[in-house]
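> I would like the atomic coordinates for the input below:
(one chain, ligands or ions: 1)
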Amino acid sequence: MTRRTATNVLLDTALKNFYGAAEEMELSENLIAVLGSSERRLEVSVPVEMDDGSIQVFKGYRVQHSTAIGPAKGGIRFHPDVDVDECEALAMLMTWKCSLAGIPYGGGKGGIACDPLTMSMKEKERMTRAFAARIAPIIGTWQDVPAPDVNTGGQEMVWLMDTVSKLRGHTEPGTFTGKPISYWGSKGRTAATGYGVATCGIELLKVLGREPKDAAVAVQGFGNVGSYTALTMAAAGAKVVAISDVTGTYCSPKGLDVQKAFDHITAHPKKLLEGFTCSGCEKQGLSDVLFVDCDLLFPCALEGAINEKTAGQVKAKNIVEGANGPVTPEGDAILDEKGVLVVPDFLANSGGVIGSYFEWAQNLSGYFWTEEEYNNRLIHIMKGNFKLVWDYAQSRKVKMRRAAFMAAIQRVADVERLRGVFL
Ligand code: GLU
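The predicted structure follows:
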């Protein structure tokens, strides 16, 4: 009957969401106790020689929430707000994400509390390698497989893999995913998360009897997830009326030239929209993207964007969560009252980790697929999972988030029951 609570909002939300769904499923108290805790929460110090010769010690973390189904799986983020509770919340979310996706992993997450935007490449490289050495004892192809997350990408994965490979004396491709194509990565992985998010948006329009060509969409965040979401929606014929990043909102009721925006960030030294413009484009404030009148809003930035302060002003009819945890429970309640439909994060953004699974499978066999093969398999799984959650929600008359939780928890609980408690 004991229930954990946390001061960290994201962790508290993750626990509440889990307990709520578990109770509705009438999961046993034993299983609630097991799945409400994390198997391992590791904190490390990461000493880095800065370019001016001084040593700065950063804090790093890796949390493994569950390895019931398979190796822990989840990203590594570099951000000033990273802490162990945030990592635990995101690790739990990964457990449900992998379970719902039907892939053979548990959930993990890690990160370093730092501001990568103020660091040089050399400083980031030294920090990433030091972190790799510190977490090396608990990661591995069959233990825990990290991947990119906020402010990390292919380059960071190469530093991590290279460090661990050199420490172990052999090539370790299966220990990290999200690697560049030239170094054990797979064609399709970079776009996979955004591609999957957009697929959920298109599937949602379909069940609502709509078509992308008649839909106006807004995308918050123009990093890896947001940019490929916007590109895929535009390619499907949707009108992308607003995009944003830390430099502001860029909007046009006529529709933006998303390819031009993508080329802009590709050429920008910090991968930002700063200075972007196209025909009809107007620049607005940072959070204005959330309040644009549109059919689909894709929050693809950080957690907590749609909360008790912002949810009331949302004009979008439907939301597809590209980021992890972009809507708080208070925000969710307000959206629910307004009749806004929400496709939950761990369904919508699961294309990333499903793509990681494809990369891992290719690394294990040493045989690479074509991009077409990769994308076809990804779309097939995303569509199937969307339908599973949609049908579950319809038949039990619950919201999609609750339905996704119930389906995901069920599979982990079944495996826990089969395996029993040893460690
Ligand atoms: N960081 C991504 C996520 O939150 C990808 C994780 C992975 O591929 O392991 O889903």
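
> The closest residue to the ligand within the stretch 301-423 of the chain sits in which helix or strand?
Taking CB to the nearest ligand atom, the ligand has its nearest neighbour within the stretch 301-423 of the chain at Ser356, 3.3 Å off. C-beta here means a position set from N, CA and C on the backbone, and glycine is covered the same way. According to DSSP states H and E, Ser356 maps onto helix 351-365.

> what's the spacing between that helix and its chain's center?
15 Å (CA atoms, centre = their mean, to the nearest Å).

> Could you pull up the residues touching the nearest residue to Cys200 once chain neighbours are set aside?
Closest residue in space to Cys200, ignoring its immediate chain neighbours: Ala348 at 4.5 Å, by CB to CB, 6 or more residues apart in numbering. If you count contacts by CB atoms under 8 Å, 6 or more residues apart in numbering, Ala348 has them with 196-197, 200, 320-322.

> What residues are bridge-paired with the closest residue to Asp149 other than its chain neighbours?
Of all residues not flanking Asp149 in the chain, Gly75 sits nearest, at 2.8 Å (CB to CB, 6+ apart). Beta bridges link Gly75 to Ala147, judged by DSSP bridges.

> My guess is Gly75 contacts Asp144. True?
No: under the criterion of CB atoms under 8 Å, Gly75 is not in contact with Asp144, lying 11.6 Å apart.

> The residue nearest to Gly280 when sequence neighbours are not counted: neighbouring residues, count only.
Counting by CB to CB, 6+ apart, Gly280 lies nearest to Ser252, which is 3.9 Å off, once chain neighbours are set aside. Applying other CB atoms under 10 Å, we find 18 residues neighbouring Ser252.

> show me the biggest strand of this structure in terms of residues.
Ranked by residue count under DSSP state E, the longest strand found in the chain is strand 55-66.

> Which parts of the stretch 201-350 of the chain are strands?
216-220, 239-245, 248-251, 282-284, 296-299, 318-320, 341-343 (DSSP state E, counting those that start in this stretch).

> and of those strands, who's closest to Glu330?
Across those, the minimum distance to Glu330, taken as CB to CB, is reached by strand 341-343, at 13.3 Å.

> pLDDT averaged over that closest one, what's the number?
Strand 341-343 shows a mean pLDDT of 98.

> Show me what it is in contact with.
With CB under 8 Å, 6+ apart as the test, strand 341-343 has contacts from 200-201, 204, 317-321, 327, 332, 335, 386, 399-401.

> Buried residues, that strand. List them.
Using 16 or more other CB atoms under 10 Å as the test for burial, strand 341-343 gives 341-343.

> Likewise for stretch 238-246?
By 16+ other CB under 10 Å, the buried positions in stretch 238-246 come out as 238-245.

> Rounded mean pLDDT for it, please.
On average, stretch 238-246 scores 98.

> Please render the strands of the stretch 201-350 of the chain as a markdown table that adds distance to the ligand to the earlier fields.
Below are these laid out as a markdown table (distance: least, CB to the nearest ligand atom, whole Å):
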| stretch | distance to the ligand |
| --- | --- |
| strand 216-220 | 16 |
| strand 239-245 | 18 |
| strand 248-251 | 24 |
| strand 282-284 | 28 |
| strand 296-299 | 14 |
| strand 318-320 | 15 |
| strand 341-343 | 15 |
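
> Look at Gly185 and say how many residues are nearby.
Neighbours around Gly185, by other CB under 10 Å: 22.

> could you measure it against the ligand, distance?
As judged by CB to the nearest ligand atom, to the nearest Å, Gly185 and the ligand stand 12 Å apart.

> Assumed that residue was part of a helix.
No: per DSSP: H, G, I helix; E, B strand; the rest coil, Gly185 lies outside any helix segment and is coil.

> which non-adjacent residue is nearest it?
That would be Lys179: by CB to CB, 6+ apart, it lies 3.8 Å from Gly185.

> ok, now Glu416?
Nearest to Glu416 is Ala68, by CB to CB, 6+ apart, at 5.2 Å.

> and that neighbour, how many neighbours does it have?
22.

> And for Gly384?
The number of residues packed near Gly384 is 11, by other CB under 10 Å.

> contacting residues around the closest residue to Glu39 other than its chain neighbours?
Leaving aside its sequence neighbours, Glu39 sits nearest to Gln64 (CB to CB, 6+ apart; 5.0 Å). Gln64 makes contacts with 38-40, 72, 91, 106-108, 138, 144, as judged by CB under 8 Å, 6+ apart.

> Show the average pLDDT along whichever strand or helix holds Ala198.
Assigned by DSSP H and E, Ala198 falls within helix 189-207. The average pLDDT within helix 189-207 is 96.
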